[in-house]
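Novice: got a predicted model here, sequence first, then my questions.
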Amino acid sequence: MSGDNRFMGLIYLSPYILGLMVFTALPFLASLYLSFTNYNLMDAPVFTGLANYIKLFTADRTFRKSLWVTLIYVFTTVPLKLAFALFMAVILNYKLKFINVFRTAYYVPSILGGSIAIAVLWRYIFADVGLVNMGLQLIGFEPVNWFGDPTNALFTITLLRLWQFGSAMVIFLAALQSIDKTLYEAASIDGAGKWTGFVYITLPLITPVIFFNLIMQMVQAFQEFNGPYIITQGGPLKSTYLLPIYIYDEAFKRFDMGYASAIAWVLFVIIMALTLIAFWSSRHWVYYAGDKRG
Amino acid sequence: MTEHILQNTTTARDVETVRARELRRHRINAVLRYALLGGVGLLMLYPLIWLIGASFKTNSEIFANPGFWPEKPTLDGYIAGWKTSTPYTFGTFFLNTLWIVIPKVIGTAISCTAVAYGFARFEFPGKKILFASLIATLLLPNVVTRIPQYLIFRDLGWLDSYLPLWVPSALAGDAFFVFMLVQFLRAIPRDMEEAARVDGANTIQTLIFIVVPLIMPALISVCLFQFMWTMNDFLGPLIYISSVEKYPVSLALKLSIDTTEAFEWNRVLAMSVLSLAPALAVFFLAQKYFIDGISSGGIKG
């Protein structure tokens, strides 16, 4: 718009710039610095060089366990959730009646899933005599010790995330609905079956949303806190002790801010590395319409 | 061509059976689809349905009856749960939650609208870098900034108040919402705004009277998502709020499972139902905005 002060835009951005400086950029750098210190909130931070990191990778068995559990959790939850969300979106993407009812029903858990009330509910339904075991017994199975067994305990946390597949599904569904139907007609004239059509038309066209969902779900899964904190408190045998809980305990229970910052930075570097790998690899598998590279 | 010839040579009866087979296959297909959709839907929603029923059950029935319907319906869970084991009732905790949520939503709406307007409609020095910073913030895990943020709020003397929960959002701290509004604004033609400017309106008047009504659907989505996330937020209050009288519902529920869970299950379940009720009500009243918001802007969840 002519005649405007060329700084007018910056005036509208001023809250953002202030927030960016004070609540994002400064804390970001400060946490890097703190990770090289010993800081217990009482005395001033003492610079200790790489001591925190050396301790993390050589002496801290809790960290090793926690890192391992976090990686297992992310690498099982994210692919399962995306695959299930895509599968349900494909089923929903037909001319069926009541599509909107189903879409809403599947979306409800995503709206509520992060709440403490749902985590509480999870504790009850996976209890030894809870709803899930009652159901298993009704159909003739042995009850399962969900929270006593390390593998099962992590699985209940994964299930809580899978249960919230609705938001990813809605994004997939929107992408599926925007695909030009004549492409399938052309393909079927050429003799392509449904599965061929899905693999060679549908999947390539929705790679941008697969990529988007992948990044978002991954960044989120690495920061899972509420579920394991409420449902299993990290146990049994630290089998659900995800890194965000370890960071919280170090920072806000033991007030070891330096050490907690070092763990946070390790987690951050892992997330960033995986995000960068995803972005870098996306050149080879994400197809944007109108983009010749394909 | 060969197909036509083939078809002409088949008898009418064959055509009939082929058509009937097609129809049956189609019908079986549809039945399978509905069975799958309904089965998954029931499996997904049954825990919630059971929760509602269980909140009216006696403590001994909760872990004995997998059905929805309580054998001896009772309001004990609600009455005793509402009183809590603290000097406060859940009423206090609900008001606290509202007192966190409402200013936060208002601050988010105003700041994100202004910032998105700045990004989408103006050219200024440093715009590219600032927009890149927005995308970077979008991908930046909170876990890495949380500890220093806590230290900043401590130095400001804001611990055990709602300021740490309000202020970052009032400064457009939720990059997601800014990004969503920028995308929405970019798709809207500027004709009306330019006409208003020609008529002598300044940029603030243009923003309030022209732009805000145009982006209202996206803005409503932003407010609804912020409402939901803040209602569900647990870690924020857990870190910053220490006195019980200021607890929001999420912390109060955690407190109630710590203090009463050993035996008073129906109290915990009853309060869980109540704490989910506002989010559910808002969702069903405004589901269009959730689905539209999530499918257009791409929202986490």
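Specialist: That came in fine, so what should we check first? Residues are numbered from 1 along each chain as shown, chains lettered A, B, ... in the order given.
Novice: the helix or strand containing B:Arg267 near chain A anywhere?
Specialist: Using DSSP states H and E, B:Arg267 sits in helix B:265-285. Yes. Judged by CB under 8 Å from any CB of the partner chain, helix B:265-285 and chain A are in contact via B:Trp265, B:Val268, B:Leu269, B:Met271, B:Ser272, B:Val273, B:Ser275, B:Leu276, B:Ala279, B:Leu280, B:Phe283. C-beta: built from backbone N, CA, C; applies to glycine.
Novice: residues contacting the fifth one?
Specialist: B:Ser272 makes contacts with A:Ala117, A:Ile118, A:Val120, A:Leu121, B:Leu51, B:Ser55, B:Leu253, as judged by CB atoms under 8 Å, 6 or more residues apart in numbering or on different chains.
Novice: swap in the third one?
Specialist: When contacts are counted by CB under 8 Å, 6+ apart, B:Leu269 is found next to A:Val120, A:Leu121, A:Tyr124, B:Leu51, B:Ala54, B:Ser55, B:Ile62, B:Gly77.
Novice: nearest to A:Phe47 among these?
Specialist: Of all the contacts of B:Leu269, A:Val120 has the smallest distance to A:Phe47: 43.0 Å, by CB to CB.
Novice: ok, back up a step: residues of the helix holding B:Arg267 that come out buried?
Specialist: By 16 or more other CB atoms under 10 Å in any protein chain shown, the buried positions in helix B:265-285 come out as B:265-276, B:278-279, B:282-283.
Novice: tell me the helix or strand right after the strand or helix carrying A:Leu32.
Specialist: Element membership of A:Leu32, judged by DSSP H and E, is helix A:26-34. Reading on from helix A:26-34 to the C-terminus, the next helix or strand found by DSSP H and E is strand A:37-38.
Novice: which residues does that following strand contact?
Specialist: A:Pro45, A:Val46, A:Phe47, A:Thr48, A:Ala51, A:Asn52, A:Asp256, A:Gly258, A:Tyr259.
Novice: now the strands for the chain?
Specialist: No chain specified, so I'll use chain A. A:37-38, A:46-47 (DSSP state E).
Novice: let me rephrase: I mean chain B.
Specialist: Using DSSP E, strands in chain B do not occur.
Novice: kindly state the domain boundaries assigned to it.
Specialist: B:1-45, B:88-297 (automatic domain parsing).
Novice: mean confidence score for the first one?
Specialist: To tie it back to what came earlier, the one meant is domain B:1-45. Averaged across domain B:1-45, the pLDDT comes to 77.
Novice: tell me how far that domain is from the chain's mean position?
Specialist: 40 Å (CA atoms, centre = their mean, to the nearest Å).
Novice: now do the last one
Specialist: In terms of CA atoms, centre = their mean, the centre of domain B:88-297 is set 10 Å apart from its chain centre.
Novice: pLDDT weak spots in the stretch 151-300 of chain B?
Specialist: B:260-262, B:294-300 (pLDDT under 70).
Novice: B:Gly91 is in contact with B:Thr249, correct?
Specialist: Check again: residue B:249 is Val, not Thr. No. Shown here, B:Val249 and B:Gly91 do not form a contact pair, counting by CB atoms under 8 Å, at 10.5 Å.
Novice: out of these two, which sits in the busier spot?
Specialist: B:Val249 (29 against 10; other CB atoms under 10 Å in any protein chain shown).
Novice: for that one, give its distance to A:Lys55.
Specialist: 39 Å (CB to CB, to the nearest Å).
Novice: same check on A:Phe63?
Specialist: Taken as CB to CB, the span from A:Phe63 to A:Lys55 is 8 Å.
Novice: one more: B:Lys246?
Specialist: B:Lys246 sits 36 Å away from A:Lys55, going by CB to CB.
Novice: higher neighbour count, those two?
Specialist: Under the criterion of other CB under 10 Å, the comparison of B:Lys246 against A:Lys55 puts B:Lys246 first, with 19 against 14.
Novice: isn't the more buried one right up against B:Asn96?
Specialist: Yes. Counting by CB under 8 Å, B:Asn96 is a contact partner of B:Lys246 at 5.9 Å.
Novice: looking at the stretch 151-300 of chain B, which residue is nearest chain A?
Specialist: Closest approach between the stretch 151-300 of chain B and chain A, counting by CB to the nearest CB: B:Leu171, at 3.0 Å.
Novice: how about that residue, what does it touch?
Specialist: B:Leu171 sits next to A:Pro15, A:Tyr16, A:Leu18, A:Gly19, A:Val22, A:Phe23, B:Ser111 when contact means CB under 8 Å, 6+ apart.
Novice: tilt between the lengthiest helix in chain B and helix B:265-285?
Specialist: With secondary structure taken from DSSP state H, chain B has its longest helix at helix B:12-54. Here the directions of helix B:12-54 and helix B:265-285 differ by 130 degrees (axes from the mean of the first three to the mean of the last three CA atoms, to 10 degrees).
Novice: check the offset of helix B:12-54 from the chain's centre.
Specialist: Relative to its chain's centre, helix B:12-54 lies at 30 Å (CA atoms, centre = their mean).
Novice: packing partners for it?
Specialist: helix A:61-92, helix A:99-112, helix A:116-125, helix B:265-285 (3 or more CB pairs under 8 Å, 6 or more residues apart in numbering or on different chains; DSSP states H and E).
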